[in-house]
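1. what follows is a predicted structure for the sequence shown.
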Amino acid sequence: MAQLAELKEQIDELALSLVMADSEGPAAALACLNSLERIRDRALRDRATEVASAAAALIQALPSAATPAAVLGEGLAALQIALEQSAAPQAAAAPAPSPASPAQDPELMNDFIMESSEHLANVETQVLTLERDPGDSEALHAAFRGFHTIKGLAGFLELWDVQKLAHEVEAVLDRARNGELVVAGDAIDAILASADHLRQWLAHLQAALRGIASQPPAMPQPLLARLAALLHSNAPAAPVPPVETVALPAPAPVAAEAPASVPEAEPAPAGPAAAASSRPEAAAASQRMGEAMSVKVDTAKLDYLVDMAGEMVIAESLVRHDGELSAIKSPSLQRKISHLGRITAELQKTAMSMRLVPVGPLFRRMARLVRDLSRQFDKHIEMETQGDDIELDRTIVEELADPLMHMVRNAVDHGIESVPDRERAGKPAAARLLLRAAHQAGQVVIEVTDDGRGLDREKILAKAVSKGLVASGEGMSDNDVFNLIFEPGFSTAAQVTSVSGRGVGMDVVRRHIEKLRGRIEIRSVLGQGATFLLKLPLTLAIIEGLVVGVGQERYIVPLFAVRELFRPGPETVWTVQGKAEMALVRGSLLPVARLYRVFAVRPRAEEPVNGVLIVAEVESRRFCVLVDEVIGKQEVVIKALGEMFKDSPGIAGGAILGDGRVGLILDLDRLYKERTNANEA
C-alpha cells in the first residue's frame, strides 16, 4: 500500500481539481491530459498495470470524445477502481487506511454532508421541473451538475457506493443532455429514488460522525438495473435546446440558514403529477447570487450572537432609565444616549434577521410529497407556491414541517376529489393546491388552499355529536364547527388509508402551531374548496406582550392569545356552585382566573370592578384573567428561568423590562388547565 500512496494522491488531486472546476467544458477536460500522463508513468514505475492501462485508455479516448467531461468522469471512476484492484494484494498486509485519508477527516465529511444535502434538495426541485417540462434545458443541466459534484466529492472521500450511484445517474442525465433520452416517467422515478438513497447515505454518515451505531445502506441493485436500462435504452428523444457549456467556478459554501429561493409557477403536465411552481432562470440566478454572498456559520455561534444582542438591548435600557443619568441635564449626554439606543436597536434587528430563513425550501419539500401522493391516489394535482422568499425564524420553519405535511396529506387524500368526481362536478380534471406565505399585521400567514370538496358542516357536526363532543349544533358558527376537526381522534373519513383517516393528524397540527405561539383559521365553501391559515410570529426569541401589574409584581401576557380586555361591572363576575367564578362576556360565561391567587401575591384590590379582565384564548377555548392594571404593550426578549423554575405552573419564561425589573411571561395554556383542574377538585 505504501508504494501506491503517491499514485493514489495524484488520482485524488485530479478528481478534486475536476470537482472544484465543475469541469464541463472541453478545454477544462483536455487540460487534464498532462496529469493523466503523469499518473500513467507513475503506475508503470509502481507496477500497477491495471491503473496504467486505464490511464492510457483514457488518454487515448479523451481528445476525440464528443463529451470530454463525461468521458473524463467515467475514466476517473475506472482509475480509482483499478487502483483498488492493484492495492488488493497488499490490503491483507496493511488493511487499515492511511491516517491521512480524507475519509477520516470529520470536518471534510461534515462539509460533504452539508453540500450534498443542498445539491440533492436542488436536484429534486429541478427534476420536478423536468417532469412538467422535459425540454427545460436549464433544469436538466442543474440536475446533472448536482450529481456530478456529489460523484466527485464522494470519490475524493472514498465513498465508492455513493460515487457509483451518482455516476450512473449522471450518465443517464448526460444522455438526456445530448438529446438521446427524454427525462420523463421511469427516468424521473429512478432519479428521485436515487436521490432518496443518497439521502440515506448522508443520514448514515451523519450518525457515524455523532458516534451513533449505523449500518451503511446496501447497494440498491434493482435501482442500478433501472438506471442501466435507461442508459442503454433506444427510446426516441425530444430535442433539447442547446446551451452553451462553460466551466463554472467552484461552488462557494452556502449557509444552511439561507437556502436558494424556490422557482415560481408554470403550466402543469398532462399526467397525474404534482407540480411546484418554477421559473428556473430566476432560481438559478438567485442561487448563484446566494452562493456568492453567503458563508457558513455554526448555528450555536449565531444563537449566541442573538442572545448577546438581546443582552445589549437590556443593558442599554437600564442605562437609559438610570435615575442618576436622568438627573443630569446635559443635551450632549442625551444625544449620545439616543444615538446608543438607535445603534442598539439596529444591532438587535440585524441579529434577529440572521435567524430568519425563507419558507421556500419547506414548500419545496411539500412539492415532492404532493407528487408522490397524487400518483398513489391517481389524482391530477397542480401545486403552486407563492411568497417563497418570505422569512421566518429558523426554529419555526423546522417545527412547521410536520404540521404542514399533515395538512397537505389531508388536502390530497380528503379534500381533493378524484378525476371522475371532479368532472361530474363540472370542475377541471387538474386540482389546484396553493401554498402561500405573506406578511400580515406583524405576523407571517401560511395559507394552504385547495379547490376540492371543502368541509361539510353537517357531516362534521353529526360526527361530533356521535362522539359526544357537542350536544347539538345550535348556536354554533361555521368556524366553531370547523374547529371540531382539531379534536383528538376526530375524523370523518369513510375509510382509513395509508396516509390519513385515523384522526391523529389535525390535533397534532393545532398543538404544534400553538406551541409556536400561532393559531389556525379555517375558511371553507362546500363543493368549492377549503383554506387553512396558519398565523405565526416572525421569531420565537422575542415576544410581544401586555405588561400587567398585580400588586407590586409585573407579568407579561402573550399578545397573540389576547382577544379583548375591559374593566368589569358589578354584575360581570358570578360564582357558580359556591366555588367556580365565571364572567359574563358578550352573552357567554367564561371561567375566571384571579392572577393574585394563582401566584399568591397581595393585590391592590380584590374586587373585580377595581381591576381589569383580559379575555385569552388557548386551544379554541376562552377564559378570563383578572389583573390589577394594564401597564402597556412591549416587545421583550424571552429568557429561560433555569432548571429550578422550569416546571413552575403558569410560567413560560421571564424577561427584563425597560426599567430593569423582571417580568414573568404567563403560560396561558398551563394557567387554563390549572384553573380547570382546581374547579373540578
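-> Perfect, I can see it now. Quick caveat: nothing in here was measured; it's all calculated off a predicted structure.
2. what about the closest residue to residue 447 other than its chain neighbours, which SS state?
-> Distances taken as C-beta to C-beta, 6 or more residues apart in numbering place residue 436 nearest to residue 447, at 4.3 Å, with adjacent residues excluded. Bear in mind the C-beta positions are built from the backbone N, C-alpha and C, glycine included. For residue 436, the assignment made with DSSP: H, G, I helix; E, B strand; the rest coil gives strand.
3. same check, this time on residue 521
-> Assignment for residue 521 (three-state DSSP): strand.
4. quick one: pLDDT of it?
-> Model confidence at residue 521, given as pLDDT, is 87.
5. got it, and residue 17?
-> For residue 17, the model assigns a pLDDT of 71.
6. element containing it?
-> helix 5-21 (DSSP states H and E).
7. and for residue 126?
-> Going by DSSP H and E, residue 126 is in helix 106-132.
8. the helix or strand that comes right after that helix - contacts with which helices or strands?
-> Counting by DSSP H and E, the next helix or strand C-terminal to helix 106-132 is helix 137-156. Contact analysis of helix 137-156 by 3 or more C-beta pairs under 8 Å, 6 or more residues apart in numbering; DSSP states H and E lists helix 5-21, helix 68-91, helix 106-132, helix 160-177, helix 280-293 as its packing neighbours.
9. neighbours around the residue nearest to residue 447, how many?
-> 19 (other C-beta atoms under 10 Å).
10. and it, how close does it get to residue 534?
-> 11 Å (C-beta to C-beta, to the nearest Å).
11. what do the two both touch?
-> Contact with both residue 436 and residue 534 is made by residues 446-447, according to C-beta atoms under 8 Å, 6 or more residues apart in numbering.
12. picking that back up, now the helix holding residue 17: how far from the chain's centre is it?
-> 35 Å (C-alpha atoms, centre = their mean, to the nearest Å).
13. can I get that helix in PDB, CA atoms only?
-> The C-alpha atoms that make up helix 5-21 are tabulated as PDB, following Å, rounded to 0.1, in the frame of the first residue of the first chain:
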ATOM      1  CA  ALA A   5       0.300   6.200  -1.800                       C
ATOM      2  CA  GLU A   6       1.700   8.700  -4.200                       C
ATOM      3  CA  LEU A   7      -0.200   7.300  -7.100                       C
ATOM      4  CA  LYS A   8      -3.400   7.500  -5.100                       C
ATOM      5  CA  GLU A   9      -2.600  11.100  -4.200                       C
ATOM      6  CA  GLN A  10      -2.200  12.000  -7.800                       C
ATOM      7  CA  ILE A  11      -5.600  10.500  -8.800                       C
ATOM      8  CA  ASP A  12      -7.300  12.200  -5.800                       C
ATOM      9  CA  GLU A  13      -5.800  15.500  -6.800                       C
ATOM     10  CA  LEU A  14      -7.100  15.100 -10.400                       C
ATOM     11  CA  ALA A  15     -10.500  14.200  -9.100                       C
ATOM     12  CA  LEU A  16     -10.600  17.200  -6.700                       C
ATOM     13  CA  SER A  17      -9.500  19.600  -9.500                       C
ATOM     14  CA  LEU A  18     -12.200  18.200 -11.700                       C
ATOM     15  CA  VAL A  19     -14.800  18.800  -9.000                       C
ATOM     16  CA  MET A  20     -13.500  22.200  -8.000                       C
ATOM     17  CA  ALA A  21     -13.600  23.400 -11.600                       C
END
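14. give me the buried stretch members for the helix holding residue 126, please.
-> For helix 106-132, a neighbour-count test (16 or more other C-beta atoms under 10 Å) marks 109, 112-132 as buried.
15. other SSEs contacting it?
-> helix 137-156, helix 186-209, strand 274-275, helix 280-293, helix 360-376.
16. in a markdown table: the ones you listed, plus distance to residue 403, mean neighbour count and mean pLDDT.
-> Putting these into a markdown table (distance: least, C-beta to C-beta, whole Å; neighbours: other C-beta atoms under 10 Å; pLDDT from 0 to 100) gives the following:
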| stretch | distance to residue 403 | mean neighbour count | mean pLDDT |
| --- | --- | --- | --- |
| helix 137-156 | 29 | 24 | 88 |
| helix 186-209 | 22 | 18 | 89 |
| strand 274-275 | 19 | 27 | 40 |
| helix 280-293 | 26 | 16 | 45 |
| helix 360-376 | 11 | 21 | 88 |
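17. as TSV, those with distance to residue 399 would be great.
-> Converted to TSV, the helices and strands packed on helix 106-132 look like this (distance: least, C-beta to C-beta, whole Å):
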stretch	distance to residue 399
helix 137-156	28
helix 186-209	20
strand 274-275	24
helix 280-293	24
helix 360-376	11
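18. before we move on, the earlier item: columns distance to residue 389 on top of the helices and strands packed on helix 137-156, output as CSV?
-> Listed next are the helices and strands packed on helix 137-156 as CSV, based on distance: least, C-beta to C-beta, whole Å:
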stretch, distance to residue 389
helix 5-21, 30
helix 68-91, 33
helix 106-132, 15
helix 160-177, 28
helix 280-293, 9
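19. could you point out which of the ones you listed sits nearest residue 355?
-> When these are compared by C-beta to C-beta, helix 280-293 sits nearest residue 355, at 17.2 Å.
20. who's residue 357 bridged to?
-> Per DSSP bridges, the residues bridged to residue 357 are residue 392.
21. wait, it touches residue 392, no?
-> Yes - using C-beta atoms under 8 Å, residue 357 is in contact with residue 392, at 6.9 Å.
22. what about the two, which has more around it?
-> With neighbours defined as other C-beta under 10 Å, residue 357 and residue 392 compare such that residue 392 has more, 25 against 21.
23. ok, back up a step: of all the helices and strands packed on helix 137-156, which one is nearest residue 446?
-> Closest among these, using C-beta to C-beta: helix 106-132, at 19.3 Å.
24. pLDDT on that closest one, on average?
-> Mean predicted confidence for helix 106-132 is 86.
25. so how far is it off the chain centroid?
-> Going by C-alpha atoms, centre = their mean, where helix 106-132 is centred and where its chain is centred differ by 14 Å.
26. between it and helix 137-156, how big is the angle?
-> 150 degrees (axes from the mean of the first three to the mean of the last three C-alpha atoms, to 10 degrees).
27. give me phi/psi at residue 659?
-> Residue 659 adopts backbone torsions of phi -90, psi 10, taken as degrees, to the nearest 10.
28. check residue 378 too.
-> Torsion angles, degrees, to the nearest 10, at residue 378: phi 60, psi 50.
29. thought it was touching residue 420?
-> No - with contact defined as C-beta under 8 Å, residue 378 does not reach residue 420; the gap is 10.0 Å.
30. residue 530: what secondary structure?
-> Applying three-state DSSP: residue 530 is strand.
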